[in-house]
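Undergrad: Structure for the following, please:
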Amino acid sequence: MAKSHVLVVDDEELYRRSLARILSRVGHQVTEARDGTEALSLLADGGIDLVLADIRMPGINGLELVRQIHEIDPDLPCIVVTGFSSAESSVEALRAGAYWYLEKPFDQSHLDVVRRLVEQAIEHGRLKAENRALQSELRTKYRFENIIGHSGALRGVLDTVAKVAGTDSTVLITGESGTGKELIARAIHYNSRRVERRLVTVNCGAIPEELLESELFGHVKGAFTNAVASREGRFSLANGGTIFLDEIGDMSPNLQVKLLRVLQERTFEPVGSSKSETVNVRVLAATNQQLEAAIADGRFREDLYYRLNVIPIEVPPLRQRSEDIPLLAQHFLDVMNQERGTKIDSISDRAIAALCRYDWPGNVRELENLMERLTVLRGDGEIDLDDLPDAVRDARKTFAATPADDNDLDFRDVVNRFQADLIREALEQSGGNKKEAAENLGLRRTTLLEKIKKLGI
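TA: Predicted coordinates for the structure are as follows:
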């Protein structure tokens, strides 16, 4: 494991060298600076994992140095060192952004104290940096433009998501299993004002009813058998952020009442407690059920439905956006190649035509699973019709523009008609701009021009 690099800043050489020796003895690489100006110059070169700075220095004092470091790199931990310890200076140091403080004088007898504090501070900074990187990655991953597809049905969904993301409105996302409801929920959160706080996901259908209440609202010690300690619930964890309640249609009537109260009053009681807690949480919910039918059957509360259904978003099944299938298939193929090191070059026109004929009862999730299976089994080369499962290869679905009987279908004709429809739609979307249309289709401009000429468009 590489040594951590610590920068010690102190105008008093005796204390600076003493602290440097202690840090070296516990396995850290140490660089010294005589004042704040020199420290900032050294920090500009990078590679520092922790700063220990004396509070009282000429020029830039320790507190001001910490403030400037926090502005430059909020993830770099700082510990202030002072010989004038007081509650006020400690609080001021923490407010400036310091992780903690050390009191002078110190010598080799303080080795264990310094070692533990330094290790904790470095680990804290590492976790902050990792969390910030993860948040950045998630925001990039769930940008609207990264949701694959250009069909009219999907564009309508994304238009609604873009409008609602910046609000705190409750959203009810409906659609069949595998259509990407959670993907839509994540896109809403990671494009919202709450992005710096948590997105907490709860699958209401996967947790037994007797445990779901505690999972959502927490419990106090002794609330029930085996409740040996108090536990924070998901609503508390999501405070300031977003909670996503997946499969909300499976929630019991008893919990529906309690959820209704949270939506109305933003308060709840943990299991076994009489004390109410207040939360500031945005609620997103999803279901593959028809909640109107559930209301008629007495399985879902009508008042809760209207509280959830402030902004309804219905995610279309894949069979209603078949023009997105080639893009999705290629996207999953690229991801699998990258993750597994496989070298599948392409998917043949015949295979694409078959994928587009299939009804996809499992929707996008089924297509993703199939592409993973094909990538593993094929390994390299091109995916062709014979590589597909029988159910997909033998599917029969005529296009609306195709009046011919299924028995008269020809693979080449089907592929040509499908490609022509895609190209016409892309050209319409781009206003006739062939370069933009080619980019939207994932083609080179010269390839698009060849296809336009070949298909007589």
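
Undergrad: And for residue 121, the neighbour number?
TA: Using other C-beta atoms under 10 Å, residue 121 is surrounded by 23 other residues. Bear in mind the C-beta positions are built from the backbone N, C-alpha and C, glycine included.

Undergrad: For it, pull up the helix or strand it's in.
TA: helix 111-141 (DSSP states H and E).

Undergrad: Kindly report the same for residue 156.
TA: Assigned by DSSP H and E, residue 156 falls in helix 152-165.

Undergrad: hmm, who's touching that helix?
TA: Helix 152-165 has contacts (C-beta atoms under 8 Å, 6 or more residues apart in numbering) with 144, 147, 171, 184, 187-188, 191-192, 311, 313-316, 320-321, 324.

Undergrad: if you set the cut-off to 6 Å instead, what comes out?
TA: Where contact means C-beta atoms under 6 Å, 6 or more residues apart in numbering, the residues beyond helix 152-165 that reach it are 144, 171, 187, 188, 191, 192, 311, 313, 316, 320, 321.

Undergrad: Return the angle between stretch directions for the lowest-mean-pLDDT helix or strand in the chain and helix 152-165.
TA: The helix or strand with the lowest mean pLDDT-type score in the chain, counting by mean pLDDT, DSSP states H and E, is helix 411-429 (a mean of 73). Between the axes of helix 411-429 and helix 152-165, defined by axes from the mean of the first three to the mean of the last three C-alpha atoms, to 10 degrees, the angle is 40 degrees.

Undergrad: which secondary structure elements does the helix or strand just after helix 411-429 contact?
TA: On the C-terminal side of helix 411-429, the nearest following helix or strand under DSSP H and E is helix 434-441. Secondary-structure packing of helix 434-441 (3 or more C-beta pairs under 6 Å, 6 or more residues apart in numbering; DSSP states H and E): helix 411-429, helix 445-455.

Undergrad: What angle do helix 445-455 and helix 434-441 make with each other?
TA: 90 degrees.

Undergrad: buried stuff in helix 434-441?
TA: Neighbour-count burial for helix 434-441, counted by 16 or more other C-beta atoms under 10 Å, picks out 437, 438, 440, 441.

Undergrad: Same question for stretch 379-398.
TA: Buried residues in stretch 379-398 (16+ other C-beta under 10 Å): 383, 385, 387, 388, 392, 393, 395.

Undergrad: can you give me the offset of it from its chain's centre?
TA: Distance of stretch 379-398 from the chain centroid (C-alpha atoms, centre = their mean, to the nearest Å) equals 33 Å.

Undergrad: again, but for stretch 204-212
TA: Centroid separation for stretch 204-212 versus its chain: 24 Å, with C-alpha atoms, centre = their mean.

Undergrad: Buried by neighbour count: which residues of stretch 76-83 qualify?
TA: Buried, per 16+ other C-beta under 10 Å, within stretch 76-83: 76, 77, 78, 79, 80, 81, 82.

Undergrad: Only the C-alpha atoms, please, for it, written as PDB.
TA: Written as PDB, here are the backbone C-alpha positions of stretch 76-83 (Å, rounded to 0.1, in the frame of the first residue of the first chain):
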ATOM      1  CA  LEU A  76      -8.700  17.300   1.300                       C
ATOM      2  CA  PRO A  77      -8.800  16.800   5.100                       C
ATOM      3  CA  CYS A  78      -7.000  19.400   7.300                       C
ATOM      4  CA  ILE A  79      -6.100  19.200  11.000                       C
ATOM      5  CA  VAL A  80      -5.200  22.400  12.800                       C
ATOM      6  CA  VAL A  81      -2.500  22.500  15.500                       C
ATOM      7  CA  THR A  82      -2.700  25.000  18.300                       C
ATOM      8  CA  GLY A  83      -0.900  25.800  21.600                       C
END
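
Undergrad: contacts for that stretch?
TA: Residues outside stretch 76-83 that contact it (C-beta under 6 Å, 6+ apart) are 50-55, 62, 66, 69, 89, 93, 98-102, 104, 121, 124-125.

Undergrad: Please list only the buried members of the residues you listed.
TA: Among the contacts of stretch 76-83, those buried by neighbour count (16+ other C-beta under 10 Å) are 50-55, 62, 66, 69, 89, 93, 98-102, 104, 121, 125.

Undergrad: Those in helices, which ones?
TA: Judged by DSSP state H, the buried ones among the contacts of stretch 76-83 include 62, 66, 69, 89, 93, 121, 125 as members of helices.

Undergrad: Turn those residues into a markdown table, including pLDDT and distance to residue 256.
TA: Formatted as a markdown table, those follow (pLDDT from 0 to 100; distance: C-beta to C-beta, whole Å):
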| residue | pLDDT | distance to residue 256 |
| --- | --- | --- |
| 62 | 91 | 55 |
| 66 | 93 | 50 |
| 69 | 94 | 50 |
| 89 | 73 | 53 |
| 93 | 81 | 49 |
| 121 | 92 | 46 |
| 125 | 88 | 44 |
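
Undergrad: okay if I get those residues as CSV plus distance to residue 339?
TA: Shown next, in CSV, are these (distance: C-beta to C-beta, whole Å):
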residue, distance to residue 339
62, 47
66, 42
69, 38
89, 51
93, 45
121, 35
125, 30
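
Undergrad: ok, the residues you listed vs residue 21, which is closest?
TA: Nearest to residue 21 among those is residue 121, at 18.7 Å by C-beta to C-beta.

Undergrad: That closest one contacts residue 102, doesn't it?
TA: No - when contacts are counted by C-beta atoms under 6 Å, residue 121 is not listed as touching residue 102 (10.4 Å).

Undergrad: Could you check how far residue 284 is from residue 248?
TA: According to C-beta to C-beta, to the nearest Å, residue 284 and residue 248 sit 10 Å apart.

Undergrad: ah, wrong one, I meant residue 187
TA: From residue 187 over to residue 248 (counting by C-beta to C-beta), the distance is 18 Å.

Undergrad: These two: which has the busier surroundings?
TA: With neighbours defined as other C-beta under 10 Å, residue 187 and residue 248 compare such that residue 248 has more, 27 against 22.

Undergrad: and the more buried one, what pLDDT?
TA: On the pLDDT scale, residue 248 is placed at 96.

Undergrad: just the one 10 residues further on next, same as before
TA: Reading off the confidence values, residue 258 has pLDDT 93.

Undergrad: so who does it touch?
TA: Contact criterion C-beta under 6 Å, 6+ apart gives no residues in contact with residue 258.

Undergrad: now do 7 Å
TA: Shown in contact with residue 258 (C-beta atoms under 7 Å, 6 or more residues apart in numbering): residue 268.

Undergrad: Residue 166 too?
TA: Shown in contact with residue 166 (C-beta under 7 Å, 6+ apart): 192, 193.

Undergrad: go with 8 Å
TA: Residues in contact with residue 166 (C-beta under 8 Å, 6+ apart) are 191, 192, 193.

Undergrad: What of residue 323?
TA: When contacts are counted by C-beta under 8 Å, 6+ apart, residue 323 touches 150, 151, 421, 422, 425.

Undergrad: about what we covered before: which one of the ones in helices among the buried ones among the contacts of stretch 76-83 sits closest to residue 41?
TA: residue 69 (12.5 Å).
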